[in-house]
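In: Next come a sequence and a model predicted from it.
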Amino acid sequence: MAETLLFNALREAIDEEMGRDETVFVLGEDVGQYGGSYKVTKDLYDKYGEFRVLDTPIAENSFTGMAVGAAMTGLRPIIEGMNMGFLLLAFNQIANNAGMLRYTSGGNFKIPMVIRGPGGVGRQLGAEHSQRLEAYFQAVPGLKIVACSTPYNAKGLLKSAIRDDNPVLFFEHVLLYNLKEDLPNHEYLVPLDKAEIVRPGKDVTILTYSRMRHHVTQAVKGLVAKGFDPEVIDLISLKPLDFETIGASIKKTHRVIVVEECMRTGGIGAEIIASINDRFFDELDAPVLRLSSQDIPTPYNGKLESLTIVQPKQIEAAVENMLALKV
Amino acid sequence: MVQERTLPQFQAPAASISSEEGLRLYEDMILGRFFEDKCAEMYYRGKMFGFVHLYNGQEAVSSGVIKSMRPDDYVCSTYRDHVHALSAGVPAKNVMAELFGKETGCSRGRGGSMHLFSGEHNLLGGFAFIGEGIPVALGAAFQTHYRRVALGDASADQVTACFFGDGTTNNGQFFECLNMAALWKLPILFVVENNKWAIGMAHERATSQPEIYKKASVFGMPGYEVDGMDVMAVRSIAQEAVARARAGEGPTLIECLTYRFRGHSLADPDELRSKAEKEEWLARDPIKRFEAYLLEQNLADEATLKGVRDRIQTTIDDALTFAEESPEPSPDDLYKYIFADS
């Protein structure tokens, strides 16, 4: 076991996969000589050379499309979006080509590529660098969407994403890069489509992902001290959602709270609630509750920024209220 | 009307092409022309749907470029892609079946007119939005370069031809990709089919520098202006560019001055192009011109050319029968092909 920071866990995943498969390469802005803005590709340029760790000009849509073409013809690109917000500039290539091209080509081509990078609300980075974009992409057919949350799952998920034959959008959270955890010394993979049960419990199902997992974990400490027993599920896969794990939990707890950093309107939570109503309505003892970010551009001011996203105290209070009404 | 650009002169040297090669080009151009004429007929008879953009008039470009390449080279097209697919070797019956939405279509009926693909023939698409195919083509060229340079595979010498229109050259991706191609010396041909019109937008009204080939110089890339109605002229420049790309010497921008004989799509009322302009270009029909060249150079006689036309007519008739008789995709397969494991 070795204590590893999350950004280094990602780096190890890329290094190991580049070592085992010479068709794997990294491209993006400042990924090479500079080593990545968050050092996820540190030293890989020296190890693998300028074409396997390719510094691109600032041309997001074009280098994303270039990765699509490389993937169609036999390579396995990993794009680093220096900030996931920049990927809005590449939306056409991500949606029309990475996502849909396998289908429109009638299965002629596969697009094994990973688009990864820092997202989420950071610390006073301003609106454009602090976005909650996952919902923008969930409507695109053909994309898989994954959000890592710990050094352990970051490494195992990224390795699986690189090996997957489909385009995977891989969300990292800018405020989680320095999380530390002991990682196994042996190689391991984490499946892309399975939710992770963070804490088993019987009173209520809390569905969350990415950084909110840690806010939930904090809230749960207080709840447990007060005698509650919540089940916490880290969704990991935002597309497809793991309704097997979600359903099994609802059949046990009959109550659900979704905690997300995503915006409320048209968010991941909105989709989850609609799907739970479709699939498990008869199991519910209460309406599903949703704690989401505010529908505003992320403000620069620190106080306003913290009011934008869900805080542990709000989670604690919401669960308490819901369980207080339990008959 | 804007002053017509003077077409660059090209004198094909005598005996610069064999009879066999000449007939191969001729056959490809006839295939493109007859195929598209049949599409128009089928569209107006209500058997083909959607946006259908025909290639009539531009055949010298597709045949001149793609027939100068190898079967393992890559071709990347636009929404006006039927003839590029045919030149790349996709059988006419599979292209026709795709336009009929059939399971036997080259994209299994899921793509349609603007999304023709063939993995087997290295046809990378069929892209409906302006400019989005350019980066994809760049990626294929990067892949060749990567195998050659990063992985040391000396056999990796495939060339990619990327086709697009004059309107696209005002789009950011055109410039971004020319920059990257030149920067990394990628084996790619950027082939502009300047047919003067982006739907109803005249080229001169949309661009501050109408001579597109000159834009190559900014990137230190060779840029050529070619008479796109002369297959011998296109072929000559394409062969040179392909050789340069294959030798690892990087990209070329080729501006082919051409014209579409029909509207932007079959849904276009085509009200803006003047009769005089159309007539001027119709007189330059690349097929008639090449026929005259083949006859003048004694590379073929009229009977041989007729034989080619008859054979292609049969190919088109067979393609139509095949398309009409082919099954539609099964409703059970609605979700097939979303993911690589489905």
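Out: Done, it's in.
In: Can you tell me how far the residue nearest to residue A:42 when sequence neighbours are not counted is from residue A:8?
Out: Nearest residue to residue A:42 in three dimensions, chain neighbours excluded: residue A:35, at 3.9 Å (C-beta to C-beta, 6 or more residues apart in numbering or on different chains). For the C-beta atoms, the positions are set from N, CA and C on the backbone; glycine is no exception. Look at residue A:35 and residue A:8: by C-beta to C-beta, to the nearest Å, they are 12 Å apart.
In: So between those two, which is more surrounded?
Out: Between residue A:35 and residue A:8, counting by other C-beta atoms under 10 Å in any protein chain shown, residue A:8 is the more crowded of the two (22 against 18).
In: List the contacts of the more buried one.
Out: residue A:151 (C-beta atoms under 8 Å, 6 or more residues apart in numbering or on different chains).
In: Secondary structure element holding it?
Out: helix A:6-20 (DSSP states H and E).
In: Would you indicate which residues of the helix or strand hosting residue B:30 are buried?
Out: Element membership for residue B:30 (DSSP H and E) is helix B:19-44. For helix B:19-44, the neighbour count (16 or more other C-beta atoms under 10 Å in any protein chain shown) marks B:22-23, B:25-36, B:38-39, B:42-43 as buried.
In: Verify the contact between residue A:88 and residue A:136 for me.
Out: Yes - counting by C-beta atoms under 8 Å, residue A:88 does reach residue A:136; the two are 7.5 Å apart.
In: For these two, indicate the residue with more neighbours.
Out: Taking neighbours as other C-beta under 10 Å, residue A:88 and residue A:136 compare with residue A:136 leading, 18 against 15.
In: My read is that the more buried one contacts residue A:90, right?
Out: No - the criterion here is C-beta under 8 Å, and residue A:136 misses it with residue A:90 at 11.8 Å.
In: what is the mean pLDDT for stretch A:278-293?
Out: Here stretch A:278-293 scores 97 as its mean pLDDT.
In: Oh, that last question was meant for stretch B:241-253, not what I typed.
Out: 98.
In: partner strands of the host helix or strand of residue B:161, parallel or antiparallel?
Out: For residue B:161, the element it lies in under DSSP H and E is strand B:160-165. Paired with strand B:160-165 in the same sheet, following DSSP bridges, are strand B:74-76 (parallel), strand B:188-194 (parallel).
In: nearest residue to residue A:286 other than its sequence neighbours?
Out: residue A:255 is the one closest to residue A:286 (C-beta to C-beta, 6+ apart), at 5.3 Å.
In: Might one say that the one you found is in contact with residue A:205?
Out: Yes - between residue A:255 and residue A:205 there is a contact under C-beta under 8 Å: 6.6 Å.
In: Now stretch B:5-16 - C-alpha only, PDB.
Out: As requested, the backbone C-alpha atoms of stretch B:5-16 are provided in PDB (Å, rounded to 0.1, in the frame of the first residue of the first chain):
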ATOM      1  CA  ARG B   5     -11.800  34.300 -61.700                       C
ATOM      2  CA  THR B   6      -9.600  33.200 -64.600                       C
ATOM      3  CA  LEU B   7      -9.100  29.500 -64.400                       C
ATOM      4  CA  PRO B   8      -5.500  28.400 -64.200                       C
ATOM      5  CA  GLN B   9      -4.300  27.000 -67.500                       C
ATOM      6  CA  PHE B  10      -3.200  23.400 -67.500                       C
ATOM      7  CA  GLN B  11      -1.800  21.600 -70.500                       C
ATOM      8  CA  ALA B  12      -1.700  17.900 -69.900                       C
ATOM      9  CA  PRO B  13       1.400  16.700 -71.600                       C
ATOM     10  CA  ALA B  14       0.800  14.100 -74.300                       C
ATOM     11  CA  ALA B  15       1.000  10.500 -73.200                       C
ATOM     12  CA  SER B  16       1.000  11.600 -69.500                       C
END
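In: where does the nearest residue to residue B:164 once chain neighbours are set aside land in three-state SS?
Out: In this structure, residue B:164 finds its nearest non-sequential neighbour in residue B:78, 5.5 Å apart by C-beta to C-beta, 6+ apart. When classified by DSSP: H, G, I helix; E, B strand; the rest coil, residue B:78 comes out as coil.
In: quick one: contacts for residue B:229?
Out: Contact analysis of residue B:229 by C-beta under 8 Å, 6+ apart lists B:7, B:57, B:60, B:257, B:258, B:259, B:281, B:284, B:285, B:286, B:289.
In: and these as JSON lines, adding distance to chain A, pLDDT and neighbour count?
Out: Below are the contacts of residue B:229 laid out as JSON lines (distance: C-beta to the nearest C-beta, whole Å; pLDDT from 0 to 100; neighbours: other C-beta atoms under 10 Å in any protein chain shown):
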{"residue": "B:7", "distance to chain A": "32", "pLDDT": "86", "neighbour count": "16"}
{"residue": "B:57", "distance to chain A": "27", "pLDDT": "98", "neighbour count": "24"}
{"residue": "B:60", "distance to chain A": "26", "pLDDT": "98", "neighbour count": "29"}
{"residue": "B:257", "distance to chain A": "26", "pLDDT": "98", "neighbour count": "28"}
{"residue": "B:258", "distance to chain A": "25", "pLDDT": "98", "neighbour count": "28"}
{"residue": "B:259", "distance to chain A": "29", "pLDDT": "97", "neighbour count": "23"}
{"residue": "B:281", "distance to chain A": "32", "pLDDT": "97", "neighbour count": "20"}
{"residue": "B:284", "distance to chain A": "34", "pLDDT": "97", "neighbour count": "18"}
{"residue": "B:285", "distance to chain A": "33", "pLDDT": "98", "neighbour count": "18"}
{"residue": "B:286", "distance to chain A": "29", "pLDDT": "98", "neighbour count": "27"}
{"residue": "B:289", "distance to chain A": "34", "pLDDT": "97", "neighbour count": "17"}
